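> Quick one, structure for this:
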Amino acid sequence: MLKKPALNPEILYEIFETITRGCDQFLSTEEKEQRKKNIEIFMASGRQPLNVGLNFFTRINSVRVLCDNIEMCIDDDSDDEVVTIGEISYNSLFLKPILNVIGPSIRGFCLSNLPEGTDIDDIFEVLVNEGIENVNISSSEIITEKCFSKLCNLTSIKVLSYPFTYSQLPLIRSKSREFRFGFDFAELIKEKPENFSMPWVKDLHICADVELSDFTAKSVEYFVKCISEIFPNIEDLCIQFEPSNPTWKSAYGIMKVLEPHLFKSIPLSVKGNIEMELGVEEVESLDAFYKLTEGDNEYVADIYLALKKFEIHEDFTAYLMVRC
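The predicted structure follows:
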């Protein structure tokens with residue numbers, strides 16, 4: 001009886017590498033779907049091609065969980081370059097084995113969206129574990145309480161981005177040097193944890209969701225004081241203000257409130273910026289713009305543009321812009 005010829009694993013690896021090539025380049029939707037189909041055809045063609053494909057993906061150390069698929073990447077810390085080398089659909093037959101094989105090596109996890117019906121618990125269980133260093137989750141609505149609890153209990157995260165509320169900050173066990181979070185400005189006063197600080201945070205990025213009715217000089221000054229108390233050792237600070245209802249009136253109202261003296265509790269050693277850059281509803285004509293800004297146009301810098309800039313101290317400035 002003739003033996004089946006053995007396939008050369010090195011050649012199979014090169015073929016699979018060729019199939020996945022170009023994942024980090026712009027492709028049409030049709031080209032992306034064809035590439036994903038080619039990957040599945042290769043891995044379904046036998047045990048040896050399956051093992052070659054799985055072995056190929058062991059290089060993955062970072063993933064982006066998106067609405068249409070999961071992008072698998074190599075994040076090279078030496079040059080800050082992230083290269084996508086594969087992507088897999090949620091309905092793929094190989095989703096589970098691929099996630100299982102890449103799970104132990106994952107150091108970066110980014111979650112921005114999920115298709116309806118996808119079980120985030122299963123994905124989180126495999127990909128987000130002790131040893132992970134960079135976690136970026138865009139919304140609290142796309143993870144479960146189980147995922148949130150696991151996120152808070154991890155201790156290895158060095159860069160953490162999640163829309164925590166103030167009251168949730170004491171739950172975080174990781175001592176991340178770089179920390180990003182967004183919150184509802186109105187909840188600040190009632191939710192600030194007492195006698196709590198995160199002195200290990202050096203690089204802080206905050207995005208505040210603002211209702212104009214809550215945004216006063218007094219509330220801003222209190223907010224800045226809270227930041228200085230909770231994060232006493234920050235070196236770099238970025239604060240973004242975003243209106244809950246982004247209109248010219250709300251954005252311009254925020255612009256008028258913000259003044260240098262409200263940030264006086266920030267140490268002189270801190271570098272960074274205060275930001276608000278918004279494009280809001282269009283006006284139908286120049287006359288409509290003049291009517292919109294009539295009697296309240298101190299910071300109108302040009303047609304359809306308001307701008308306010310000031311220095312808080314050296315290397316710490318504010319740039320506030322609204323355009324319609």
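> mind showing which ranges of the protein have poor pLDDT?
For the chain, residues meeting the criterion pLDDT under 70 lie at 1-7, 22-27, 77-80, 188-193.
> Now do the helices in this structure.
In the chain, helices defined by DSSP state H lie at 9-20, 29-43, 47-56, 95-102, 120-127, 145-153, 188-191, 217-230, 248-257, 286-293, listed in chain order.
> who wins for proximity to Phe179 among those?
Ranking the helices of the chain by their distance to Phe179 (criterion: Cβ to Cβ) puts helix 217-230 first, at 10.4 Å. For glycine as for every other residue, the C-beta is placed from the backbone atoms N, C-alpha and C.
> So which residue is dead centre in this protein?
Asn136 (4.6 Å; Cα atoms, centre = their mean).
> before we move on, the earlier item: nearest to Leu114, out of the helices of the chain?
Closest approach to Leu114 among the helices of the chain (Cβ to Cβ): helix 120-127, 6.0 Å.
> helices or strands next to that closest one in the packing?
Applying 3 or more Cβ pairs under 8 Å, 6 or more residues apart in numbering; DSSP states H and E, we find helix 120-127 packed against helix 95-102, helix 145-153.
> Could you say which of the helices of the chain is packed most deeply?
Ranked by mean neighbour count under mean count of other Cβ atoms under 10 Å, the helices of the chain are led by helix 248-257, which reaches a mean of 20.
> Return that one as PDB; C-alpha atoms alone will do.
C-alpha atoms of helix 248-257 as PDB (Å, rounded to 0.1, in the frame of the first residue of the first chain):
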ATOM      1  CA  TRP A 248     -22.600  75.100  19.300                       C
ATOM      2  CA  LYS A 249     -24.300  76.500  22.400                       C
ATOM      3  CA  SER A 250     -23.000  73.700  24.700                       C
ATOM      4  CA  ALA A 251     -19.500  73.700  23.400                       C
ATOM      5  CA  TYR A 252     -19.200  77.500  23.400                       C
ATOM      6  CA  GLY A 253     -20.600  77.500  26.900                       C
ATOM      7  CA  ILE A 254     -17.800  75.100  28.100                       C
ATOM      8  CA  MET A 255     -15.300  77.300  26.300                       C
ATOM      9  CA  LYS A 256     -16.500  80.400  28.200                       C
ATOM     10  CA  VAL A 257     -16.300  78.800  31.600                       C
END
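> Show me what that helix is packed against.
Counting by 3+ Cβ pairs under 8 Å, 6+ apart, helix 248-257 packs on strand 236-243, strand 271-279, strand 305-313, strand 316-323.
> how far is it from where the chain is centred?
Computed by Cα atoms, centre = their mean, to the nearest Å, the chain-centroid distance of helix 248-257 equals 26 Å.
> Same question for stretch 66-84.
Distance, stretch centre to chain centre, for stretch 66-84: 13 Å (Cα atoms, centre = their mean).
> Now do that stretch: everything it contacts.
Defining contact as Cβ atoms under 8 Å, 6 or more residues apart in numbering, one finds that stretch 66-84 is touched by 23-24, 36, 57, 59-64, 85-90, 95, 98-99, 102, 107-108, 112-115, 123, 134.
> rerun that using 6 Å as the cut-off
Outside stretch 66-84, the residues within contact range by Cβ atoms under 6 Å, 6 or more residues apart in numbering are 23-24, 59-64, 85-89, 108, 113, 115.
> out of those residues, which one sits closest to Val210?
Taking Cβ to Cβ as the measure, Val210 sits nearest to Asn113 out of the contacts of stretch 66-84, at 24.0 Å.
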